[in-house]
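J.: With the sequence up front, the predicted model follows.
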Amino acid sequence: MHYFRRASLFQALCLFPLLGLVALRANSSSAPASPTPAALAVVTEADQTLMSPSAAFIRLQEGNTRFLAGRRAARDLPAQVKATAHGQHPFASIVSCMDSRTAVEHVFDLGLGDVFSLRLAGNIINDDVLGSLEYAHKVAGAKLIVVLGHSHCGAMKGADDDVVLGNLTSLLARIKPAVVGVPADGKPRTSKNLKFVDDVGRLNVILAVRQIRERSIVLRELHDRQAIDIIGGFYNIETGKVEFYRPLVGAAPVPAPTSAADSVTPAAAAKSAH
Ligand SMILES: [Zn+2]
């Protein structure tokens, strides 16, 4: 019975287009050969107002293409300091891991004032992250939320191995729904199995994207009227490439937590499969 709960959660939420998960593909043929002027300039209020969520997505995609090609834009950062001194108009928020190899300003070739960057181990969602995102999108006008996981993530490994250490224990508990959500395949379910680690990482992104919508009335309202988009991404630390996902298409909602705690427990996650 327990297995079926795990399997149904995974199938309902996870990685396969059969159930509506849409991979957003980079179009390498349309990738710019050199940095676009927009990539070099500070985002103005008018730029942000006119930018659609899909245009924000394309800008990130183009930045990752430049990063991969070693064609990062040559920005005048001191000039950007002056240009952003009296205000900021970021076009996106990126919720990513604290991992030192995944700094989004590098991965997406960004300048000052381009994005809000929220970084916690395991790109977890909690009330503080949600409050920050609500400011970023309801108040500051950003158009796109990306939850960015990455391969070989140490936080996923810690959750897989049931690591217990001070305050880290409660952080890793937020990743447990993804750990139990990946179905058994006869292979080890520990950090020694890197495929399992990455399966947990991808499911953790999907659950995070869904939590943002389900746990924030403010962001759900913005998303419902298409003022913002909410997508997932997964950074390959071996290649530098980001693959994007749209976990919300065709997926059933995740019930909101019933307790005051802002974590989704493994039990609650299993429940959500029914
Ligand atoms: Zn990580």
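T.: Thanks, I have the structure now.
J.: In contact with the residue in the stretch 101-250 of the chain positioned nearest to the ion, which residues?
T.: Residue of the stretch 101-250 of the chain nearest the ion, by C-beta to the ion: Cys153 (3.3 Å). In this view, the C-beta of every residue, glycine as well, is placed from N, C-alpha and C. Contacts for Cys153 (C-beta atoms under 8 Å, 6 or more residues apart in numbering) come out as Cys97, Asp99, Gly122, Val197, Gly201.
J.: and the first one, how many neighbours?
T.: Using other C-beta atoms under 10 Å, Cys97 has 23 other residues around it.
J.: Phi and psi next, for it.
T.: Note on Cys97: backbone dihedrals following degrees, to the nearest 10 are phi -80, psi 160.
J.: Could you pull up the residues touching it?
T.: Cys97 touches Arg119, Leu120, Ala121, Gly122, Asn123, Leu148, Gly149, His150, Cys153, Ala155, counting by C-beta under 8 Å, 6+ apart.
J.: can we see that at 7 Å?
T.: Arg119, Ala121, Gly122, Asn123, Gly149, His150, Cys153, Ala155 (C-beta atoms under 7 Å, 6 or more residues apart in numbering).
J.: Name the spans of the stretch 151-274 of the chain whose pLDDT lies under the cut-off.
T.: Scanning the stretch 151-274 of the chain for pLDDT under 70 picks out 249-274.
J.: in stretch 131-143, what counts as buried?
T.: Using 16 or more other C-beta atoms under 10 Å as the test for burial, stretch 131-143 gives Leu133, Glu134, Ala136, His137, Lys138, Gly141, Ala142, Lys143.
J.: now could you export just the CA positions of that stretch as PDB?
T.: What follows is stretch 131-143, C-alpha atoms only, in PDB (Å, rounded to 0.1, in the frame of the first residue of the first chain):
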ATOM      1  CA  GLY A 131       6.600  36.300   1.600                       C
ATOM      2  CA  SER A 132       9.700  37.400  -0.300                       C
ATOM      3  CA  LEU A 133       8.200  36.200  -3.600                       C
ATOM      4  CA  GLU A 134       4.900  38.000  -2.800                       C
ATOM      5  CA  TYR A 135       6.900  41.200  -2.400                       C
ATOM      6  CA  ALA A 136       8.900  40.600  -5.600                       C
ATOM      7  CA  HIS A 137       5.800  40.000  -7.700                       C
ATOM      8  CA  LYS A 138       2.900  41.900  -6.100                       C
ATOM      9  CA  VAL A 139       4.900  44.900  -5.000                       C
ATOM     10  CA  ALA A 140       8.000  45.100  -7.200                       C
ATOM     11  CA  GLY A 141       6.400  43.800 -10.400                       C
ATOM     12  CA  ALA A 142       8.600  40.900 -11.400                       C
ATOM     13  CA  LYS A 143       7.100  38.600 -14.100                       C
END
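J.: what's the model's confidence in that stretch, averaged?
T.: Per-residue pLDDT over stretch 131-143 has a mean of 98.
J.: same question, stretch 82-95
T.: 96.
J.: Off-centre distance for it?
T.: Centroid displacement of stretch 82-95 relative to its chain, using C-alpha atoms, centre = their mean, to the nearest Å, is 19 Å.
J.: quick one: terminal-to-terminal distance for it?
T.: 26 Å (C-alpha to C-alpha, to the nearest Å).
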